[in-house]
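No sequence on hand, only this structure:
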């Protein structure tokens, strides 16, 4: 990484807009949203139910396309990329962890994290295992690597990011 990359945002959003629904039910969810995120920093998206958090994350994860505006990843506009390119970026660059429904229940937490890396065939199985263990530790799941996906909480009885119990 050169010094220019360090001073530039990793992700930039310019005048992002998204409408949902049709006809009289059409709602302007995101209105002229602008921000930039720098590599190596941690950010969170917060707000009341229905304010557009999930819509924003789907746009940033390239799972949906904005009605207006730009999403720029490492200096390159990606909101208008082809579906094949969006799929490649999701597989190689964008990490996206869903809270519900998207883990393969027949695999452990560790195996679920390792699978996309193994599919890329860039690292040995041992390197994938080490990377996956590091990622699981980073998100507070280091002690649950061998739990089956259906044995992991959706968030109701786990420790929150600030160490406060958020459930039972």
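Structure's in. What do you need? Because the structure is predicted, anything quoted here is derived from the model rather than measured.

To which secondary structure element type does residue 64 belong?
Under DSSP: H, G, I helix; E, B strand; the rest coil, residue 64 falls in the coil class.

Let's see the pLDDT reported for the nearest residue to it once chain neighbours are set aside.
Of all residues not flanking residue 64 in the chain, residue 58 sits nearest, at 4.3 Å (CB to CB, 6 or more residues apart in numbering). (C-beta placed from N, C-alpha, C; glycine too.) Per-residue confidence at residue 58 stands at 91 (pLDDT).

can I assume residue 58 sits in a helix?
Yes. Counting by three-state DSSP, one finds residue 58 located in a helix.

how much space between it and residue 127?
With distances taken as CB to CB, to the nearest Å, residue 58 is found 30 Å from residue 127.

Over to residue 137?
Taking CB to CB as the criterion, residue 137 is separated from residue 127 by 16 Å.

ok, residue 50 to residue 56 distance?
Distance of residue 50 to residue 56, computed by CB to CB: 12 Å.

of these two, who's got more company?
Between residue 50 and residue 56, counting by other CB atoms under 10 Å, residue 56 is the more crowded of the two (21 against 10).

elements contacting the helix or strand harbouring residue 136?
When elements are assigned from DSSP states H and E, residue 136 belongs to helix 125-138. Packed against helix 125-138, as judged by 3 or more CB pairs under 8 Å, 6 or more residues apart in numbering; DSSP states H and E, are the following elements: helix 109-120.

Could you list the residues in contact with the helix it packs on?
Outside helix 109-120, the residues within contact range by CB atoms under 8 Å, 6 or more residues apart in numbering are 91-92, 103-104, 107, 123, 125, 128-129, 131-133, 135-136, 141, 144-149, 152.

Select only the buried ones of the residues you listed in PyMOL?
The PyMOL command for the buried members of these (criterion: 16 or more other CB atoms under 10 Å) is given here:
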select buried, resi 103+128+129+132+133+135+136+141+144+145+148+152
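
mind listing what the residue of the chain positioned farthest from its centre touches?
Going by CA atoms, centre = their mean, the residue of the chain most distant from its centre is residue 24, 31.5 Å out. Residues touching residue 24, when contacts are defined by CB under 8 Å, 6+ apart, are absent altogether.

again with the one 5 residues further on
Residues counted as contacts of residue 29 (CB under 8 Å, 6+ apart) are 18, 19, 20, 52, 55.
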